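Participant: Sequence first, predicted coordinates after that:
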Amino acid sequence: MIIYADDYMPYARQFFADFGEVRLFSGRKLQPEQLADADVLLVRSITRVDPALLAKARSLRFIGTATIGTDHVDKDYVQRAGIAFHNAPGCNARAVVEYVLSSLFHLTERYQWQLQDKTIGIVGVGNIGQPLAELLQLMGCQVLLCDPLRARQEPDFAHQPLEVLLQQADVLSFHVPLCQSGDNATRHLVNAERLQQIKPDCALINACRGAVFDNQALLAEAEAGHRRPLVLDVWEQEPTILLPLLPYLDIATAHIAGHSIEGKARGTEMLYQQLCQQLQRPAVYQLSDFCPQPAIQSLQITENFGLPDVQNLFRLVYDVRRDDALFRHHIQKQGFDWLRKHYPARRECSSLQLRGTAVPDWLYQTGFSRP
Ligand SMILES: NC(=O)C1=CN([C@@H]2O[C@H](COP(=O)(O)OP(=O)(O)OC[C@H]3O[C@@H](n4cnc5c(N)ncnc54)[C@H](O)[C@@H]3O)[C@@H](O)[C@H]2O)C=CC1
Ligand SMILES: O=C(O)C(=O)[C@H](O)COP(=O)(O)O
């Protein structure tokens with residue numbers, strides 16, 4: 001069996017070598033000719049999987065993307081071609097939640113907010129939006145949820161129309177899939193018209209897909225003198241992004257919100273499990289076989305610990321200001337893809353055990369591990 005895997009897919013060789021020959025490729029450079037003898041194709045979000053790419057694939061029977069998002073895959077075509085397709089739902093959701101939280105801590109410091117005083121609107125309440133909402137509620141924030149699809153299926157779901165969030169939220173964080181058309185289209189969900197309706201000082205966070213925000217509209221608003229807190233992890237037309245926006249952003253990163261070691265490796269593990277299932281073979285490897293030990297594994301909490309210390313604790317695990325600084329330093333010379341390829345190691349809160357008799361239970365509920 002010939003398995004083609006993106007060279008930025010951690011532990012692909014370790015997970016898949018037992019199935020046959022693993023060939024690594026560079027995500028944006030994969031050519032149709034390479035897939036002529038491929039049985040399995042494993043991609044990340046930067047590879048467009050469309051009829052052109054698959055034109056010469058004769059034996060392909062499994063396509064997997066080690067990502068949550070699937071907008072880079074022509075799923076109808078893949079289905080019509082009779083090829084099994086899987087993504088990795090939720091694999092890096094926790095990493096995105098920690099990215100948003102770290103960004104909120106930064107805004108809190110920069111603008112002298114009290115996070116607990118803020119109303120935070122979450123648009124798209126799935127694998128990322130739901131735990132984000134729960135974490136923010138644990139921290140004492142008021143949270144408004146908008147997810148019309150869930151509202152239709154779950155009568156008890158506390159949905160608010162987008163218009164309510166636009167008018168009431170102090171922060172809006174977007175966690176929707178990119179959907180180009182239809183009733184629930186998300187392309188340019190934030191456009192020039194909506195920017196007029198959003199509270200003037202409302203902060204906007206986009207860590208889902210670049211085209212959910214009309215980047216030109218954001219730039220036009222900022223250049224017209226209307227400044228609001230802005231956090232962008234994802235951009236329209238990556239990797240050729242709208243750099244004039246950069247001076248107006250509080251946090252700017254290169255589509256790395258989900259790039260924790262655990263998040264990326266979980267994506268590979270989930271595809272491995274799916275392929276095992278398709279081939280009716282037992283899964284013999286798991287993430288813990290390959291994931292390195294964290295540099296800091298445990299921490300002693302004393303009885304002096306209080307709510308104000310939570311920020312320092314989270315920042316010990318992940319501080320988005322590092323990634324923002326790297327972005328501003330390297331984006332001009334090295335570019336967007338270089339930043340993603342050279343992303344430094346980052347762990348999730350679950351890698352840190354909190355020890356001590358004084359650890360409040362709610363702190364474990366925020367995602368840190370028990371000894
Ligand atoms: N920046 C990054 O590194 C990452 C970005 N992502 C992006 O985040 C997106 C969300 O991820 P998950 O929460 O795991 O997906 P999910 O599929 O679990 O949840 C998405 C939610 O959005 C809702 N939704 C769909 N259209 C909507 C609309 N028009 N208005 C409001 N809600 C709507 C859906 O009903 C669903 O509940 C992914 O599709 C992906 O594009 C995901 C992981 C990492
Ligand atoms: O899971 C997703 O969806 C994402 O956006 C990933 O976190 C980032 O995708 P890659 O570009 O690393 O495939």
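Facilitator: Received it, and whenever you're ready, just let me know what you need. Ligands and ions are numbered 1, 2, ... in the order given.
Participant: Flag every residue of the stretch 101-250 of the chain that's near ligand 1.
Facilitator: Residues of the stretch 101-250 of the chain found near ligand 1 (CB under 6 Å from any ligand atom) are 123-129, 146-150, 175-179, 184, 186, 207-209, 233-234. Heads up, the C-betas are built off the backbone N, CA and C, glycines and all.
Participant: one more time with 5 Å, if that's ok
Facilitator: 124, 126-128, 147, 149, 175-177, 184, 186, 207-209, 233 (CB under 5 Å from any ligand atom).
Participant: all strands of the stretch 1-150 of the chain, in order?
Facilitator: Secondary structure of the stretch 1-150 of the chain (DSSP state E, counting those that start in this stretch): strands at 2-6, 21-25, 40-43, 62-65, 84-86, 119-123, 142-146.
Participant: Just checking: what are the partner strands of the fourth one?
Facilitator: Just to be clear, that refers to strand 62-65. Strand 62-65 has the following strand partners under DSSP bridges: strand 40-43 (parallel), strand 84-86 (parallel).
Participant: Could you pull out the helices in the stretch 151-300 of the chain for me?
Facilitator: 162-168, 192-197, 215-223, 261-279 (DSSP state H, counting those that start in this stretch).
Participant: Touching the first one from outside, list them.
Facilitator: Helix 162-168 is contacted from outside by 119, 121, 123, 144, 146, 172, 189, 194, 197-199, 202, using CB atoms under 8 Å, 6 or more residues apart in numbering.
Participant: go again using 10 Å as the cut-off
Facilitator: 119-123, 142, 144-148, 160-161, 172, 189-190, 194-199, 202 (CB atoms under 10 Å, 6 or more residues apart in numbering).
Participant: Could I get the average pLDDT for it?
Facilitator: What helix 162-168 shows for mean pLDDT is 97.
Participant: chain center to that helix, what's the gap?
Facilitator: 24 Å (CA atoms, centre = their mean, to the nearest Å).
Participant: got it, and the second one?
Facilitator: How far helix 192-197 lies from its chain's middle: 25 Å, per CA atoms, centre = their mean.
Participant: which other helices and strands contact that helix?
Facilitator: Judged by 3 or more CB pairs under 10 Å, 6 or more residues apart in numbering; DSSP states H and E, helix 192-197 is in contact with helix 162-168, helix 215-223.
Participant: how far away is the residue nearest in space to the middle of the chain from ligand 1?
Facilitator: Geometric centre of the chain, nearest residue: Gly258, 3.7 Å, by CA atoms, centre = their mean. Distance, Gly258 to ligand 1, using CB to the nearest ligand atom, to the nearest Å: 3 Å.
Participant: again, but for Ile120
Facilitator: 15 Å.
Participant: picking that back up, and the residues of the stretch 101-250 of the chain next to ligand 1, which two are the farthest apart?
Facilitator: Between any two of these, the greatest separation by CB to CB is 22.9 Å, found for Leu149 and Asp233.
Participant: When the two are compared, which one has more neighbours?
Facilitator: Asp233 (27 against 15; other CB atoms under 10 Å).
Participant: So that one is in contact with Arg340, correct?
Facilitator: No - with contact defined as CB atoms under 10 Å, Asp233 does not count as touching Arg340 (11.0 Å).
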